[in-house]
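Peer 1: Sequence first, then the predicted structure:
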Amino acid sequence: MATVTARVLPPYRRRGHGTALYENGLAHARVLGARAVETCVLAVDEDGLRFAAARGFVETERHALDGEGDVWVDLRPAAL
């Protein structure tokens, strides 16, 4: 299993950078034979949740890390 974290900082959003990162990353994952792709977004990150939903991701779980108060949302695309 490989983990990749990509984030576009607010001043650079809505310029296609996130879409390019996502599409290239997904294409590379397919070449490598990935059978699943998931993401984890802070529940308060409305932009991140909206970005994922626009690309077909659906929520699978919400959780907080041990000893922390932040709530994370696990998401998985409906289809790879």
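Peer 2: Everything's here; your move.

Peer 1: if you average pLDDT over stretch 25-38, what comes out?
Peer 2: Average pLDDT, stretch 25-38: 90.

Peer 1: next one: that stretch to chain centre, how far?
Peer 2: 13 Å (Cα atoms, centre = their mean, to the nearest Å).

Peer 1: Over to stretch 23-30?
Peer 2: Taking the mean of its C-alpha atoms, stretch 23-30 sits 13 Å from the chain's own mean (Cα atoms, centre = their mean).

Peer 1: now stretch 48-63
Peer 2: On Cα atoms, centre = their mean, the centre of stretch 48-63 falls 7 Å from that of its chain.

Peer 1: Restricting to C-alpha, output that stretch in PDB.
Peer 2: This file holds the C-alpha atoms of stretch 48-63, laid out as PDB (Å, rounded to 0.1, in the frame of the first residue of the first chain):
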ATOM      1  CA  GLY A  48     -11.500  19.300   0.300                       C
ATOM      2  CA  LEU A  49     -14.800  17.500   0.900                       C
ATOM      3  CA  ARG A  50     -16.400  19.300  -2.100                       C
ATOM      4  CA  PHE A  51     -13.400  18.500  -4.300                       C
ATOM      5  CA  ALA A  52     -13.600  14.800  -3.400                       C
ATOM      6  CA  ALA A  53     -17.400  14.700  -3.900                       C
ATOM      7  CA  ALA A  54     -17.200  16.300  -7.300                       C
ATOM      8  CA  ARG A  55     -14.900  13.400  -8.400                       C
ATOM      9  CA  GLY A  56     -17.300  10.700  -7.200                       C
ATOM     10  CA  PHE A  57     -15.900  10.100  -3.700                       C
ATOM     11  CA  VAL A  58     -18.400   9.000  -1.100                       C
ATOM     12  CA  GLU A  59     -18.000   9.000   2.700                       C
ATOM     13  CA  THR A  60     -17.200   5.600   4.200                       C
ATOM     14  CA  GLU A  61     -16.300   6.500   7.800                       C
ATOM     15  CA  ARG A  62     -15.700   9.400  10.200                       C
ATOM     16  CA  HIS A  63     -13.200   9.100  13.000                       C
END
